[in-house]
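Undergrad: one predicted model, sequence on top.
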Amino acid sequence: MAFEGAPPATAKHDSAAIAALVAAVQHNCHIADARHAAALTMCTYLLQMREFFRWERGIALGATLPRAAVGAWLAEREALWEALVHEDYRPLPLPLPAPRCRSGGGSGRARQADPFDTDAVNAALAPHQLLYGAGLVGSGRPVFFVAELHSRAEREGLAVLQAGRERARTLLAPPAALAGGGTGPIVLRRESMARWCWERTEAHAMRPRPGSALHAMLAHYGLDGAGFTAALPRWLDDQCETAVLHELGEHALGRRWGNRWRELRAAVAAHPAPQAARGEALVRALRDQLVDLGTTLPALLAQGTDGTDGTDGTDGTDGGTDGTRGASGALHAWFAGYEGLREATFPALAAGYQAWRLGDAGEMLRAQCAHGLRHFEAMAAALLEEGPPSRRSAELARFLAPGGATGVPPALVCRWPEPVSA
């Protein structure tokens, strides 16, 4: 099962200049991984390295990996990282003609660009239909990639760039991002999304969970069994649309509160390391809830308000109303990924999803979105808006308070009202 749309290794872009740039990007990827891979848990690390080996060797999704070869490669990669961990990131050699860039240092054509100067690099790569990405995620972990440009579009004034086959990347590969410091473009990485889908498909095959959102997603798209490769492009298109909706919500959130999110992250980062890492994850969960309850979920519900997509079974679905086949696959996929701190901050949202699957036309989910949005907006306002320093310090302490088994402070959890007994 090869990734959809993957061209042969002798793609037309393989000029010497492009090859040199790709090699430089991958070198910087190795440095970033050398500095940050140790922060992963052992289970996450081994899973990511397994799939990184698959990507690097061009092995199709679903193909059995040679265990001995993976082990030898892992030892070699860790030795490489040990040698690179203290190196500086390299400037990137640009294929000519090159634009003037920040790192050019003067007039005329610049032959090199700073690895974080995505505008300069992408201007040079545009004639080659390639896309470069660079940025910081989480608490400042760098990510880089070069990919073949799958498509270019525009939504609400923002460019939407989809990356296809990736030719260099870090171990960490976020599937979507609002680049430019939150001003755009929206960058989507189809290979990252495909890997997520395959990993979930593989896990479900080993331990099926009938009735779960993941089971419904796989059934809706026909991803289970031998149909994975044929079904993947449709799933990817829907996931890209969901990701665009999320990033549009992120953009709106940035316009509303601007740099105050950065100030909040700085205040969280000033705490001791374990508390700072947990606080960063909580800030991310808060933002995700604001975006998805305010933008993503309402838009998805508008696409399939009655728990079905209106099909009669002629497209391979059964046209049913039970939220499995014939339902909005995008909503199933969203809830298949609703987990971790996001789920812990609003656990009752799963009940709304079940009500939608049973045919309530999304009524409960809409009510929950409105209710949850009010809750999380109040929390965000207390943390972000101007006020006496003592009050903001107290709100931050409440936000970072110990959270018991889930790790979520009680003040952040959105409680859904219980039905009133007659």
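TA: It's in. All figures in this text were calculated on a predicted structure; none of them were measured in a lab.

Undergrad: can you map out the helices along the stretch 301-422 of the chain?
TA: 329-336, 340-345, 349-357, 363-384, 389-399 (DSSP state H, counting those that start in this stretch).

Undergrad: what angle sits between the first one and helix 363-384?
TA: Going back to what we said before, that points to helix 329-336. 50 degrees (axes from the mean of the first three to the mean of the last three C-alpha atoms, to 10 degrees).

Undergrad: any idea how far helix 329-336 is from the middle of the chain?
TA: 15 Å (C-alpha atoms, centre = their mean, to the nearest Å).

Undergrad: show me the domain layout of the chain.
TA: In terms of domains, the chain is parsed into 16-193, 208-412 (source: automatic domain parsing).

Undergrad: can I get those in a markdown table including mean neighbour count, distance to residue 202 and mean pLDDT?
TA: All C-beta spots, glycine's among them, are computed from the backbone N, C-alpha and C. Listed next are the domains of the chain as a markdown table, based on neighbours: other C-beta atoms under 10 Å; distance: least, C-beta to C-beta, whole Å; pLDDT from 0 to 100:
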| stretch | mean neighbour count | distance to residue 202 | mean pLDDT |
| --- | --- | --- | --- |
| domain 16-193 | 17 | 8 | 91 |
| domain 208-412 | 18 | 10 | 86 |
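
Undergrad: right, so of these, which gets closest to residue 199?
TA: domain 16-193 (7.2 Å; C-beta to C-beta).

Undergrad: can you give me the end-to-end span of the closest one?
TA: End-to-end distance for domain 16-193, by C-alpha to C-alpha, to the nearest Å: 30 Å.

Undergrad: over to stretch 96-115?
TA: So stretch 96-115: terminal residues 17 Å apart, C-alpha to C-alpha.

Undergrad: cool, and stretch 133-143?
TA: 8 Å.

Undergrad: now do that stretch: distance to the chain's middle.
TA: 12 Å.

Undergrad: can I get the domains of the chain in TSV with distance to residue 199?
TA: Below are the domains of the chain laid out as TSV (distance: least, C-beta to C-beta, whole Å):
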stretch	distance to residue 199
domain 16-193	7
domain 208-412	11
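
Undergrad: tell me the contacts of the residue positioned nearest the centre of the chain?
TA: In the chain, the C-alpha nearest the mean C-alpha coordinate belongs to residue 175, at 3.8 Å (C-alpha atoms, centre = their mean). Each residue near residue 175 by C-beta atoms under 8 Å, 6 or more residues apart in numbering is listed here: 188, 189, 192, 193, 196, 239, 243.

Undergrad: of all those residues, which two lie farthest apart?
TA: Between any two of the contacts of residue 175 (C-beta to C-beta), the greatest distance is 12.5 Å, for 188 and 196.

Undergrad: in this protein, which spans are strands?
TA: 92-93, 112-113, 130-137, 141-155, 158-169, 176-178, 186-189 (DSSP state E).

Undergrad: quick one: which of these is nearest residue 283?
TA: Among the strands of the chain, the nearest to residue 283 by C-beta to C-beta is strand 130-137 (12.7 Å).

Undergrad: need the contact partners of the closest one.
TA: Contacts of strand 130-137 (C-beta under 8 Å, 6+ apart): 13, 18, 25, 115-116, 118, 121-122, 125, 142-149, 161, 163, 167, 172, 174, 177, 179, 187, 189.

Undergrad: distance between it and the chain's centre?
TA: 13 Å.

Undergrad: and for stretch 383-395?
TA: 30 Å.

Undergrad: repeat that for stretch 290-309.
TA: For stretch 290-309, the distance to the chain centre is 19 Å (C-alpha atoms, centre = their mean).

Undergrad: stretch 156-165 too?
TA: 14 Å.

Undergrad: and what of stretch 405-422?
TA: On C-alpha atoms, centre = their mean, the centre of stretch 405-422 falls 27 Å from the chain's centre.

Undergrad: so residue 21 touches residue 94, yeah?
TA: Yes: the pair formed by residue 21 and residue 94 meets the contact definition of C-beta atoms under 8 Å, at 6.8 Å.

Undergrad: what do these two both touch?
TA: The contact lists of residue 21 and residue 94 share residue 121, where a contact means C-beta under 8 Å, 6+ apart.

Undergrad: mind naming the longest helix for the protein?
TA: helix 228-257 (DSSP state H).

Undergrad: give me every residue that touches residue 288.
TA: Taking C-beta under 8 Å, 6+ apart, one finds 246, 342 in contact with residue 288.

Undergrad: ok, now with 6 Å
TA: residue 342 (C-beta atoms under 6 Å, 6 or more residues apart in numbering).
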